[in-house]
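[1] Everything below, folded, please.
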Amino acid sequence: MKLRVACYAYEHTEALLDGRVPIDGVDATFETAPLVSDIFRCAVEGRYDVAEYGLTYFLRTFDLEDSPFLALPIFPNRNFRHSAVFVNTSAGIEKPQDLAGKTIGEFAMFGHDPGVWIKGIFSDEYGLTPDRSRWVIGGTDHPIPAFDWVPQPVPQGVDVRHVAEGETLGAMLESGEIDALISVDVPRSLLGGSTKIARLFPDCETVERDYYRRTGIFPAMHIVAVPRELATRTDLMTSLYRAFCEAKEITQQKYRDGALKQHMGVVTPWFSKHFEENRVLLGEDWWPYGLGANRTVLDTFLRYHHEQGLSERLLGSEDIIVPALLDT
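    Numbering: from 1, shown residues only. The predicted structure follows:
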């Protein structure tokens, strides 16, 4: 069977993209893109048979009259998101509660994947809901148009606008035109040493590790989507799942083996110490696929998505995962 498969070029998908890991029974053509959102857009346009998809982009299709996709329990992109919140240092913001009444920029659209996660965490842990702030949508360091190829629900009572043409959220944060920013991209001026921008959580790694210890959640950003007509083919779904798992395991084993030589093939100093800390906290399979290991993660995101007005109904894992892979 010929399939067009698209995913970003992560190290844990590399063995798929370069052909080391085949998909049983499939003649696969793999594609990637410089921007992962380009893969999402092309998936919407029907250019791929199997594609990586941002969770919120995927879930918004479930409110369409005829939702086109189901998901494989494969999570190629995940990241802790306390580190995705930036503030203007003159805005008087020292804790999440201080964001009430402030103007917050958000990358790409109201409710991009990191935004859904951190807004949900702020609501659960600090009592801060999105309706208590004003929202401005745009690109971080480069102007981007509104993503009009995906539904853009805005809940009643939440003040949301898009930036003016040519504006960027990074510059607006630097100037104080907005007070804070939630973004998958780090503002370039912060990396360049600006003192006008800082992270809301200066020691974000400590905060994120504590969050994992308390919740067991390593936030997932993306899944792998398949059209519903393909999702009924059990053997095919199993082959796809196994191939993605094998490619990931090749990468994880590389790091386990590298620990024996203190990761001398990695250019980052003290990487072995960092790797061991992660291994102790996250376990031997620190980037798990399958529904069993990710049910809490997925159901938490589904709840946040509904609470933030981005899904009309509260979905559960069983509503969105390919039936043949519910037991993974």
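
[2] Point out where the stretch 151-300 of the chain drops to low pLDDT.
    Counting by pLDDT under 70, the stretch 151-300 of the chain contains no low-confidence range.

[3] in it, which spans are strands?
    Ranges of strands within the stretch 151-300 of the chain are 159-162, 180-182, 197-199, 222-227, based on DSSP state E, counting those that start in this stretch.

[4] looking at these, which is closest to N77?
    strand 222-227 (4.0 Å; Cβ to Cβ). From N, CA and C alone the C-beta is placed, and that goes for glycine too.

[5] buried sites along that closest one?
    By 16 or more other Cβ atoms under 10 Å, the buried positions in strand 222-227 come out as 222-226.

[6] Paired strands for that strand, with orientation please.
    Here strand 222-227 has these sheet partners by DSSP bridges: strand 50-54 (antiparallel), strand 69-72 (antiparallel).

[7] As JSON lines, those strands with mean pLDDT and mean neighbour count would be great.
    Below are these laid out as JSON lines (pLDDT from 0 to 100; neighbours: other Cβ atoms under 10 Å):
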{"stretch": "strand 50-54", "mean pLDDT": "97", "mean neighbour count": "26"}
{"stretch": "strand 69-72", "mean pLDDT": "98", "mean neighbour count": "24"}
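
[8] Take those and write them to JSON lines, including distance to T140.
    Below are the strands paired with strand 222-227 laid out as JSON lines (distance: least, Cβ to Cβ, whole Å):
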{"stretch": "strand 50-54", "distance to T140": "16"}
{"stretch": "strand 69-72", "distance to T140": "27"}
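
[9] Let me know which of those is the nearest to M172.
    strand 50-54 (23.7 Å).

[10] After the closest one, heading C-terminal, what element do we hit next?
    helix 55-60 (DSSP states H and E).

[11] name the helices or strands packed onto that following helix?
    If you count contacts as 3 or more Cβ pairs under 8 Å, 6 or more residues apart in numbering; DSSP states H and E, helix 55-60 packs onto helix 113-126, strand 222-227, helix 295-307.

[12] which one of the strands paired with strand 222-227 lies closest to A180?
    Taking those one by one with Cβ to Cβ, strand 50-54 is closest: 21.9 Å.

[13] How much space separates W117 from D24?
    34 Å (Cβ to Cβ, to the nearest Å).

[14] got the phi/psi numbers for the most centrally placed residue in the chain?
    Nearest to the mean C-alpha position of the chain, by Cα atoms, centre = their mean, lies M221 at 2.1 Å. Main-chain torsions, M221, degrees, to the nearest 10: phi -100, psi -40.

[15] and it, what does it touch?
    54-55, 75, 77-79, 113-114, 117 (Cβ atoms under 8 Å, 6 or more residues apart in numbering).

[16] Most widely separated two among these?
    F75 and P114 (14.3 Å).

[17] neighbour-wise, which of W117 and D24 wins?
    Between W117 and D24, W117 has the larger neighbour count (other Cβ atoms under 10 Å), namely 28 against 11.

[18] okay, that one: pLDDT?
    Listed pLDDT for W117 reads 98.

[19] Am I right that it is in contact with P219?
    Yes. Counting by Cβ atoms under 8 Å, P219 is a contact partner of W117 at 4.8 Å.

[20] which residues are in contact with both of the two?
    81, 301.

[21] How much space separates the residue nearest to I104 when sequence neighbours are not counted from G127?
    Closest residue to I104 apart from its sequence neighbours, by Cβ to Cβ, 6 or more residues apart in numbering: A180 at 4.6 Å. The gap separating A180 from G127 is 17 Å, by Cβ to Cβ.

[22] Compare neighbour counts for those two and give me the winner.
    Comparing A180 with G127 by other Cβ under 10 Å, the one with more neighbours is A180, at 23 against 11.

[23] List the contacts of the more buried one.
    85-88, 91, 93, 99, 102-105, 173, 200.

[24] Inside strands: which ones of those residues?
    85-88, 103-105 (DSSP state E).

[25] How much space separates G115 from V297?
    The value you get for G115 to V297, if Cβ to Cβ is used, is 17 Å.

[26] With neighbour numbers in mind, choose between those two.
    Taking neighbours as other Cβ under 10 Å, G115 and V297 compare with G115 leading, 28 against 21.
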